[in-house]
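> A structural model of the following input is requested.
(one chain, ligands or ions: 1)
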Amino acid sequence: PQESEVPIVSVRANVMQYEDSKRKWVPVGSAQQQGLSKVQIYRHTGINTFRVVGRKIDNHEVVINSSISKTLHYQQATTTFHQWRDQRQVYGLNFANKDDADSFALAMKSTLDSS
Ligand SMILES: CC(=O)N[C@@H](Cc1ccccc1Cl)C(=O)N1CCC[C@]12C=C[C@@H]1CC[C@@H](C(=O)N3CC[C@@H]4C=C[C@H]5CC[C@H](C(=O)O)N5C(=O)[C@H]43)N1C2=O
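I've put the predicted structure just below:
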């Protein structure tokens, strides 16, 4: 069967990473203006795996490409700022609005339930 990746959610957020050394969140990507990215969760139809992919709206730069493992801890720190960590780093999503935050969290939850 045709194996492909399909997006299960698409939202807008400012993608951030926590810099342990500086103990602060830094936006990911080169162009600093506005900083909004299109963030999607892709499902690989063949092997049922998931990953978060984010691209800057202005220059399509990939700012996040992280596999979702079933042991991932997803924290909704505020209504519009959610975060999680993997072996290497901590990611933060500063959503453009509450609706985007809610739909992303719902998709992430269904991903974790189905992993
Ligand atoms: C044990 C652990 O890793 N805990 C994590 C959160 C977490 C819990 C459970 C599962 C996964 C995660 Cl990432 C944690 O507390 N972290 C991860 C790195 C940064 C932080 C550790 C300490 C600081 C204290 C304040 C909080 C934080 O960073 N916040 C809270 C929500 C707030 C919202 C937005 C971002 C945007 C910029 C602003 C700021 O840093 O000025 N900011 C914050 O200050 C965010 N912090 C964190 O989120």
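
> Tell me the residues of the chain that contact the ligand?
Contact residues (Cβ under 6 Å from any ligand atom) of the chain with the ligand: 18, 24-25, 73, 75, 77-78, 81, 83-85, 90, 94. Yep, even glycine has a C-beta here, placed from its N, CA and C like the rest.

> Quick check: end-to-end length of stretch 30-40?
Taking Cα to Cα, to the nearest Å as the measure, stretch 30-40 stretches 20 Å from start to finish.

> which of the residues in stretch 5-21 are buried?
Within stretch 5-21, the residues that qualify as buried are 5, 8-9, 11-17, counting by 16 or more other Cβ atoms under 10 Å.

> between the residues you listed, which is closest to K56?
For the buried residues of stretch 5-21, the closest approach to K56 (Cβ to Cβ) belongs to V15, at 8.4 Å.

> Neighbouring strands - and their directions - for the strand ranked longest in the chain?
Secondary structure of the chain per DSSP state E: the longest strand is strand 5-19. Partner strands and pairing direction for strand 5-19 (DSSP bridges) are strand 24-27 (antiparallel), strand 36-44 (antiparallel), strand 90-95 (antiparallel).

> quick one: contacts of the first one?
Contacts made with strand 24-27 from outside it, assessed by Cβ atoms under 8 Å, 6 or more residues apart in numbering, are listed as 14-19, 35, 92.

> distance of L93 from S66?
Using Cβ to Cβ, to the nearest Å, L93 is found at 11 Å from S66.

> The two: who's more crowded?
Higher neighbour count among L93 and S66: L93, with 27 against 16, using other Cβ atoms under 10 Å.

> Contacts only, for that one.
Residues counted as contacts of L93 (Cβ under 8 Å, 6+ apart) are 13-16, 39, 81-83, 101, 104.

> now do 6 Å
L93 makes contact with 13, 82, according to Cβ atoms under 6 Å, 6 or more residues apart in numbering.

> List just the nearest of the contacts of strand 24-27 to the ligand.
Nearest to the ligand among those, counting by Cβ to the nearest ligand atom, is Y18 at 4.0 Å.
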